[in-house]
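Chemist: Sequence first, predicted coordinates after that:
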Amino acid sequence: MTRFSNNSSRLAPIDDSALSRESWKIFQIMAEFVEGFERLARIKPSVSIFGSARTPEDHPNYKLAVDIARTLSDAGFSVVSGGGPGIMEAANKGAFGGRSPSIGLNIQLPHEQSGNSYQDVSLTFRHFFSRKVMFVKYASAYVVLPGGFGTLDELAEILTLVQTAKTRRIPIIMVNKPFWDGLLNWFSTTLVDQKMISPDDLNLIKIGETPKDVLDAIFEHYESRGFEPSAEEVEILSYL
């Protein structure tokens, strides 16, 4: 017996005004994508850096993020962060002092997020999903420093996109191995042992401890191919 039917009488009544508001939000979302595409198209090559908004300025991870971003900026990479405080601020600060652009992809939140003052290019998003596309679309690498749920969300996002070939393969570099060891061990035991991921999926992740480690991992990945996406990769990126 079929449990569901197309009988409209079984569906909840529609509030036309609410439906209209939701439909008009499409244009708001389109505007975020259009502005993002127009303003970020010239930042390549770029590296997206993630980490906790709660990291204070005197923390070693903050200084490390500044140094990584400055190294990347001086090497010719635009640096993209979430535009807020903590590690995001550190990434923008390091890039701002370097020779390449510092980009902040800010998000409107009830708390925590406030834009830092080290952004050459600053965009503000209402929707997490459109912001996430901008982190991925122009990135030649992801650098992930210690962070909380938001950082884990971005890490899982890029791992999933690369694993499923919904974006091109780029270096995903996790910084500060002692912080990540528990998660990495869980990946390599529980997830692999229970066949939730394949052992080869672990090769998507690289580990770095210093700015040089991060830069070397990126250049090693692109040594034989260059930073520009291939025609096939451009096609893949168009469906993000």
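Modeler: Perfect, I can see it now. Residues are numbered from 1 along each chain as shown.

Chemist: can we go C-alpha only for contacts and neighbour counts from here?
Modeler: Fine.

Chemist: Give me the buried positions along the helix or strand containing E157.
Modeler: Using DSSP states H and E, E157 sits in helix 149-163. Judged by neighbour count using 16 or more other Cα atoms under 10 Å, the buried positions of helix 149-163 are 151, 154-155, 158-159, 162-163.

Chemist: now R39, nearest residue through space, not along the chain?
Modeler: Residue nearest to R39 in three dimensions, not counting chain neighbours: V121, with 7.9 Å by Cα to Cα, 6 or more residues apart in numbering.

Chemist: ok, that neighbour - contacts?
Modeler: Counting by Cα atoms under 8 Å, 6 or more residues apart in numbering, V121 makes contact with 39, 101-104.

Chemist: which among these gets closest to E209?
Modeler: When the contacts of V121 are ranked by distance to E209 (Cα to Cα), S102 comes first, at 22.0 Å.

Chemist: which residues touch E57?
Modeler: Here E57 is in contact with 63, 86, 90 (Cα under 8 Å, 6+ apart).

Chemist: before we move on, the earlier item: can you tell me how far the residue nearest to R39 is from G84?
Modeler: 13 Å (Cα to Cα, to the nearest Å).

Chemist: what's the pLDDT at K206?
Modeler: K206 carries a pLDDT value of 98.

Chemist: Also N7?
Modeler: N7 is given a pLDDT of 61.

Chemist: what do you get for R70?
Modeler: Reported pLDDT for R70: 98.

Chemist: burial count for L183?
Modeler: 11 (other Cα atoms under 10 Å).

Chemist: where are the low-confidence patches of this protein?
Modeler: 1-9, 111-113 (pLDDT under 70).

Chemist: got the residue ranges for the strands in it?
Modeler: 46-50, 78-81, 102-107, 121-125, 139-144, 172-175, 205-208 (DSSP state E).

Chemist: need the contact list for the residue nearest the centre of the chain.
Modeler: In the chain, the residue lying closest to the centroid (Cα atoms, centre = their mean) is F135, at 4.3 Å. Residues counted as contacts of F135 (Cα under 8 Å, 6+ apart) are 48, 80, 105.

Chemist: Remind me what the lengthiest helix in the chain packs against, helices and strands.
Modeler: Ranked by residue count, the top helix of the chain under DSSP state H comes out as helix 16-40. When contacts are defined as 3 or more Cα pairs under 8 Å, 6 or more residues apart in numbering; DSSP states H and E, helix 16-40 packs onto strand 121-125, helix 128-137.

Chemist: and those as CSV, adding distance to D15?
Modeler: Shown next, in CSV, are those (distance: least, Cα to Cα, whole Å):
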stretch, distance to D15
strand 121-125, 27
helix 128-137, 26
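
Chemist: coming back round to it: just flag the most distant two among the buried residues of helix 149-163.
Modeler: T151 and Q163 (18.2 Å).

Chemist: Now do the nearest residue to R131 once chain neighbours are set aside against G82, distance only.
Modeler: Leaving aside its sequence neighbours, R131 sits nearest to F125 (Cα to Cα, 6+ apart; 6.2 Å). Counting by Cα to Cα, the gap from F125 to G82 is 10 Å.
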